[in-house]
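Pasting the sequence and the predicted coordinates here, then a few questions.
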Number of protein chains: 2
Amino acid sequence: MKIDPTHILKEHSLKHTKQRVRVLEEIALDTVAISQPELEKKLGKEIDRVTLYRILNIYEDKGILHRIMDMNGTANYAICSASCSEDHHHDEHIHFNCTSCNKIYCLDVAVPHSTMPKGFTAKTVNTTAYGVCEKCNLAVKKN
Amino acid sequence: MKIDPTHILKEHSLKHTKQRVRVLEEIALDTVAISQPELEKKLGKEIDRVTLYRILNIYEDKGILHRIMDMNGTANYAICSASCSEDHHHDEHIHFNCTSCNKIYCLDVAVPHSTMPKGFTAKTVNTTAYGVCEKCNLAVKKN
DNA sequence: GTAACAAATGCAATTGTATTGCATATATTT
DNA sequence: AAATATATGCAATACAATTGCATTTGTTAC
């Protein structure tokens, strides 16, 4: 995914700092969501832990990133589709969390809508499938 | 939900201890999933933290409880439907995570199936809707 | 019922994720 | 280039979860 960090920051009236740019660059490298610990490992020498947390939180609030919890309760981040905004995350695709390598994929499969019971108002719906991903399935076959 | 802790333990060849019985009793009190911290608050004087964690893990492995992560990355637990087993969690209903009171409801709404991309094998699918629950919606109207 | 054994519990210590307060550094506006 | 608002880095802290080990408890066989 090719992104323009400077443009994204301007769009959301966020100050242009090298830390913020680096976070966006790093996350945009892969369509697979990246976890906070992985990000910290990659950026820990350039960016302080706390700053990283703060940047990720701001990006989530602004609708720039979406956050997916994996089975361990660890936050994972991926770039939002263009239609996401501060008020509403249009994060209605399926996440696939591999139980072998723990990676989280954003799959291009539409989520069928379900109607909520009376009284419940849903803002966002998050569907996560747990199983084994393509890579890990192949790795098993080889052995 | 009425359950028989002794029967459940026997069914899964688990030793019958008072701690294990208490955990099952406590979780069965409500259809709403209960979080680890809440459980600890309620049972902390009877059961050691670590023991509680271990019991919850065993119950999840055996398919007795299912675990739902809330937005904070905290584990929440609810009794599985009868069809759950060690090999397969038939946890295919929708969870509703209220962003106001943070409660997790197990809704009686079937999850529409989606087909996975080639190479990806899904074992369980977890759908969580985020929004405002019935109680909190009513509370807002009153003020 | 009781002895023997395996397994569960409790405690202390530790890991790992996330947050808060405050001083310093940096980006934007004029 | 100066003023000001905001972001960053550091230290300390909170909280969820895990590990190792000694002790206790449940189960099985006698």
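Structure's in. What do you need? Residues are numbered from 1 along each chain as shown, chains lettered A, B, ... in the order given.

Just checking, which helix or strand succeeds the least confident helix or strand in chain A by mean pLDDT along the chain?
Ranked by mean pLDDT, DSSP states H and E, the weakest helix or strand in chain A is strand A:104-110, scoring a mean of 80. With elements assigned by DSSP states H and E, the helix or strand that comes after strand A:104-110 is strand A:121-132.

What angle do strand B:104-110 and that next one make with each other?
Relative orientation of strand A:121-132 versus strand B:104-110 (axes from the mean of the first three to the mean of the last three Cα atoms, to 10 degrees): 80 degrees.

Parallel or antiparallel, list what pairs with strand A:121-132.
Here strand A:121-132 is paired, per DSSP bridges, with strand A:93-98 (parallel), strand B:121-132 (antiparallel).

May I see the buried residues of that strand?
Under the neighbour-count criterion of 16 or more other Cβ atoms under 10 Å in any protein chain shown, strand A:121-132 has A:122, A:124-132 buried. Glycine gets a C-beta too; all of them are placed from N, C-alpha and C.

Just put those in TSV and tack on distance to B:Leu14.
As requested, the buried residues of strand A:121-132 are arranged in TSV below (distance: Cβ to Cβ, whole Å):
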residue	distance to B:Leu14
A:Ala122	37
A:Thr124	38
A:Val125	35
A:Asn126	32
A:Thr127	32
A:Thr128	29
A:Ala129	29
A:Tyr130	24
A:Gly131	27
A:Val132	28
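
still on that earlier bit, mean pLDDT added to the strands paired with strand A:121-132, as a markdown table?
What follows is the strands paired with strand A:121-132, written out as a markdown table (pLDDT from 0 to 100):
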| stretch | mean pLDDT |
| --- | --- |
| strand A:93-98 | 84 |
| strand B:121-132 | 86 |
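
closest to A:Asp70 out of those?
Among these, the nearest to A:Asp70 by Cβ to Cβ is strand A:93-98 (5.5 Å).

which residues sit against that closest one?
By Cβ atoms under 8 Å, 6 or more residues apart in numbering or on different chains, the surrounding residues in contact with strand A:93-98 are A:33, A:68, A:70-71, A:81, A:103-111, A:126-133, A:135-136, B:114, B:116, B:120, B:122.

Residue numbers of chain A in contact with chain B?
A:69-71, A:73-75, A:94, A:96, A:99, A:105, A:107-112, A:114-134, A:137-138 (Cβ under 8 Å from any Cβ of the partner chain).

Is the helix or strand A:Ala78 falls within positioned near DNA strand D?
Using DSSP H and E, A:Ala78 sits in strand A:75-79. No: Strand A:75-79 lies out of reach of DNA strand D by Cβ under 7 Å from any atom of the strand, never closer than 12.9 Å.

and the helix ranked longest in chain A, what does it pack onto?
Longest helix of chain A, by residue count under DSSP state H: helix A:49-62. Helices and strands touching helix A:49-62, by 3 or more Cβ pairs under 8 Å, 6 or more residues apart in numbering or on different chains; DSSP states H and E, are helix A:18-28, helix A:36-43, strand A:65-69, strand A:75-79.

In CSV: those, plus mean neighbour count, distance to B:Arg22 and mean pLDDT.
As requested, those are exported to CSV (neighbours: other Cβ atoms under 10 Å in any protein chain shown; distance: least, Cβ to Cβ, whole Å; pLDDT from 0 to 100):
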stretch, mean neighbour count, distance to B:Arg22, mean pLDDT
helix A:18-28, 17, 44, 96
helix A:36-43, 16, 34, 95
strand A:65-69, 22, 28, 90
strand A:75-79, 22, 32, 92
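
how about these in JSON lines, adding distance to DNA strand C?
Listed next are the helices and strands packed on helix A:49-62 as JSON lines, based on distance: least, Cβ to the nearest atom of the strand, whole Å:
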{"stretch": "helix A:18-28", "distance to DNA strand C": "6"}
{"stretch": "helix A:36-43", "distance to DNA strand C": "3"}
{"stretch": "strand A:65-69", "distance to DNA strand C": "8"}
{"stretch": "strand A:75-79", "distance to DNA strand C": "4"}
